[in-house]
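Chemist: Have a look at this prediction, sequence included:
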Amino acid sequence: MREIIKIDSISYSYPEGVQALKDVSLSVNEGEFLGIIGQNGAGKSTLLKCIVGLLKPQKGRILLKGEDLDDFPVSRVALKVGFVLQNPDLQLFSMTVRDEIAFGLSNMGFEREQMETRIKEALEMVGLSGREEEYPLTLSRGERARVVIASVIAMNPDIMILDEPTSGQDYSGSIQIMEIADKLCRDGRTILVVSHNMSLIAEYCRRVVVFRSGKIFLDGSVGEVFSRPDELIKTGIKPPQITRLGNALRDVLPSAETILRVEQLGDLIIEKVNRRR
Amino acid sequence: MALPTSYIPRDSIIHKLDPRIKLVIIVCITLLVFITTKFLPIGILFFSLLVLWKISGIPLKRILSYLRVLVFLFLLLIIMQAVFYPGEKVLLEPLIPEAVPLVGGKGNITLEGVLFGLLLCLRVLTLMCIFPVLLATTTLEKITLAMVKLGLPYRVAFTATTAINQLPVLQSEAGVIMDAQKLRGFMVFETGRFLSKIKALHVLVVPLVMGSMRRASMMGIAMDSRAFGAFKKRTFVDEINIERRDRIALAVFSLFTGVILFFSF
Ligand SMILES: Nc1ncnc2c1ncn2[C@@H]1O[C@H](COP(=O)(O)OP(=O)(O)O)[C@@H](O)[C@H]1O
Ligand SMILES: [Mg+2]
């Protein structure tokens, strides 16, 4: 596995505020689907902004594919790293969905025909085909979020960072967004996603990083992290309900694995019942 | 970056003054800057404002940030005045030769011109130092209340202070929009030249204005749903009273105004 992001003990303090990152190190491999969780104000967004260079850490350094970030402006890094910021509304600054997606492509210098193809593909990917001429801000919340995602996908980045894409989304909206991220990951992209929805994290991510007051508190596979409820609760996080149910049933289940999906627990219970018969 | 309009909670004497007194004094100082055209009184005004800044706890280095923003304007002012102000003491010969029709022989750089340019700069700088004193030491609620007590209709006062209140919101929205644009590979605001930045400004201003309009209409609904304007008479949570220190401040300021006027004419 090739390392695609290397964060080497960075610290960041806001000019008139708190120290948001304290000596954080993190290494992400190509093709990973990484979930980032932690309470509001823990420093998740700050870390992500440092990765693309929107914020410059006062200490430490960040390498993307082995290259030091300091040498590039954000608009260059953006060609490799797609970043969907937390609130979709301020990221929609065009008059039509089409222009919105074309903005990045124009900056990259695509010809018109290529743009049209890419716009179509991106909209198809997020399930908004045929909506090119609509005004982005009149779309529903879920659709607005997906327009922003489409505008980043169109630029075909290697790394896709999504900061709380599921906040304020209804259930199907959240699932849609995670499915898009999953598809991108299966196509070989590296995905970093922040979410407060633990069941989505459990279902889609393979690795989870837990932030607490500017530091990485836990880092491991989804199973490892969610099998430590006593530590997670210190930072206000509870594993998904299905995992907690699995923990409660641990003594009677035929396997000690951490439960992350409903089907997984279902299968174990069926196995157990069948054995009894 | 904090805006020069933000309230700075401190315990200074200026914070404690009645907002009506502060408002009146601030407006009078503004008028004085417009009336006076001489170095000495403007200098005194500027220096007194610096003292007020210091007392109110506004960082003095903020003036440097003004200078950084205004340096272009100031240079322009000085050059324009130096060239076009009719003066006697010629420092530099005409820039344009006599032979050129119409504008020939113009462009003497005169001592009077340079001095007048400098004076203009000092006046602009002084003007810019006035309102931060009020805004840093008085909450917007109190400023609204002061305006109402001075006879302004509540709606007008509310509009004025709300506009000020929205500045930091606009600033942070502009920041996010620019970030979002950089993230889509838009280089102009990051690495572009000054002129191309100006040309690209509409990319930022259009969404900013649209956003403010949406926010304004939402704010209207939120205010209506909290019974804004349901009754003629309003009550206020703050109470303001003219006290002894306010009378003293007013007296000192009257004296000060006298001195400034004395040196102005
Ligand atoms: N622009 C800013 N200026 C000052 N402090 C900030 C700013 N943005 C975030 N912070 C502070 O930095 C800390 C981390 O914030 P953030 O990275 O946004 O957390 P998270 O994304 O995990 O909710 C918080 O304490 C927050 O208040
Ligand atoms: Mg955040």
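Modeler: Perfect, thanks for sending it. Ligands and ions are numbered 1, 2, ... in the order given.
Chemist: Touching, B:Leu167 and B:Pro4? I think so.
Modeler: No: the criterion here is C-beta atoms under 8 Å, and B:Leu167 misses it with B:Pro4 at 9.4 Å. For glycine as for every other residue, the C-beta is placed from the backbone atoms N, C-alpha and C.
Chemist: neighbour count winner among the two?
Modeler: B:Pro4 (17 against 14; other C-beta atoms under 10 Å in any protein chain shown).
Chemist: Where does the more buried one sit: helix, strand or coil?
Modeler: What DSSP: H, G, I helix; E, B strand; the rest coil gives for B:Pro4 is coil.
Chemist: which residues does it contact?
Modeler: By C-beta atoms under 8 Å, 6 or more residues apart in numbering or on different chains, the contact set of B:Pro4 is B:Arg62, B:Tyr66, B:Pro132, B:Leu135.
Chemist: Which member of these is positioned nearest B:Arg193?
Modeler: B:Arg193 has its nearest neighbour among the contacts of B:Pro4 in B:Tyr66, at 23.4 Å by C-beta to C-beta.
Chemist: Which residues of chain A lie near chain B?
Modeler: Listed as neighbours of chain B in chain A under the rule C-beta under 8 Å from any C-beta of the partner chain: A:15-16, A:49, A:52, A:54, A:73-76, A:78-79, A:82-83, A:85, A:87, A:89-93, A:103-104, A:107-108, A:137, A:151-152, A:155.
Chemist: do that again at 6 Å, thanks
Modeler: Proximity of chain A to chain B (C-beta under 6 Å from any C-beta of the partner chain) is limited to residues A:54, A:73-75, A:78-79, A:83, A:90-91, A:93, A:103-104, A:107-108.
Chemist: Which of those residues are buried, as a PyMOL select command?
Modeler: Buried residues within the residues of chain A next to chain B, by 16 or more other C-beta atoms under 10 Å in any protein chain shown, are selected in PyMOL with:
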select buried, chain A and resi 54+74+75+78+79+83+90+91+93+103+104+107+108
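Chemist: Take the residues of chain A next to chain B and keep only those in helices.
Modeler: Judged by DSSP state H, these include A:Val74, A:Ser75, A:Phe103, A:Gly104, A:Asn107, A:Met108 as members of helices.
Chemist: will you turn those residues into TSV that also has distance to B:Leu31?
Modeler: Output for those, formatted as TSV (distance: C-beta to C-beta, whole Å):
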residue	distance to B:Leu31
A:Val74	46
A:Ser75	47
A:Phe103	48
A:Gly104	51
A:Asn107	49
A:Met108	55
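Chemist: and the nearest residue to A:Arg206 once chain neighbours are set aside, what does it touch?
Modeler: Nearest residue to A:Arg206, sequence neighbours excluded (C-beta to C-beta, 6 or more residues apart in numbering or on different chains): A:Phe33, at 5.1 Å. Taking C-beta atoms under 6 Å, 6 or more residues apart in numbering or on different chains as the contact definition, A:Phe33 lies against A:Cys185, A:Ile191, A:Cys205, A:Arg206.
Chemist: in a strand, that's where the second one is, yeah?
Modeler: Yes: under the criterion used here (three-state DSSP), A:Ile191 sits inside a strand.
Chemist: so where do the strands sit in the chain?
Modeler: The chain I'm using is chain A. Taking DSSP state E as the criterion, chain A carries its strands at A:3-13, A:19-29, A:33-37, A:59-64, A:67-68, A:81-84, A:159-162, A:190-194, A:207-212, A:215-221.
Chemist: actually chain B
Modeler: Counting by DSSP E, the strands of chain B are B:90-92, B:109-110.
Chemist: Which residue lies nearest the spatial centre of chain B?
Modeler: The centroid of chain B falls nearest to B:Met128 when counting by C-alpha atoms, centre = their mean (4.0 Å).
Chemist: Can you tell me how far it is from B:Thr30?
Modeler: The gap separating B:Met128 from B:Thr30 is 11 Å, by C-beta to C-beta, to the nearest Å.
Chemist: again, but for A:Ser45
Modeler: For A:Ser45, the distance to B:Thr30 equals 42 Å [C-beta to C-beta].
Chemist: Also A:Ile242?
Modeler: Taking C-beta to C-beta, one finds A:Ile242 at 66 Å from B:Thr30.
Chemist: Mind pulling up the pLDDT for B:Met80?
Modeler: pLDDT recorded at B:Met80 is 83.
Chemist: can you list contacts of the lowest-mean-pLDDT helix or strand in chain A?
Modeler: The helix or strand of chain A with the poorest confidence is strand A:67-68; it has a mean of 88 (mean pLDDT, DSSP states H and E). The contact list for strand A:67-68, computed with C-beta under 6 Å, 6+ apart, is empty.
Chemist: any low-confidence regions in the chain?
Modeler: Picked chain A for this. Applying pLDDT under 70 to chain A picks out no residues at all.
Chemist: Sorry, I should have been clearer: chain B.
Modeler: Using pLDDT under 70, chain B drops low at B:1-3, B:92-107.
Chemist: How about the residues of chain A by ligand 1?
Modeler: A:14, A:17-18, A:20, A:38, A:40-46, A:211 (C-beta under 6 Å from any ligand atom).
Chemist: Apply the buried test to those and list what passes.
Modeler: Using 16+ other C-beta under 10 Å, the buried members of those are A:Ala20, A:Gly38, A:Ala42, A:Gly43, A:Lys44, A:Ser45, A:Thr46, A:Phe211.
Chemist: from the residues you listed, which is closest to B:Tyr154?
Modeler: Using C-beta to C-beta, A:Ser45 comes nearest to B:Tyr154 of those, at 39.1 Å.
Chemist: Could you pull up the contacting residues of the closest residue in space to that closest one that isn't next to it in sequence?
Modeler: Nearest residue to A:Ser45, sequence neighbours excluded (C-beta to C-beta, 6+ apart): A:Asp163, at 5.5 Å. Contact analysis of A:Asp163 by C-beta under 6 Å, 6+ apart lists A:Ser45, A:Leu48, A:Leu85, A:Gln86, A:Val194.
Chemist: Let me have these in TSV, adding distance to A:Gln114 as columns.
Modeler: Conversion of those to TSV gives the following (distance: C-beta to C-beta, whole Å):
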residue	distance to A:Gln114
A:Ser45	33
A:Leu48	29
A:Leu85	26
A:Gln86	30
A:Val194	32
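Chemist: So what's the gap between stretch A:214-230 and the chain middle?
Modeler: Its chain's C-alpha centre and that of stretch A:214-230 lie 16 Å apart, by C-alpha atoms, centre = their mean, to the nearest Å.
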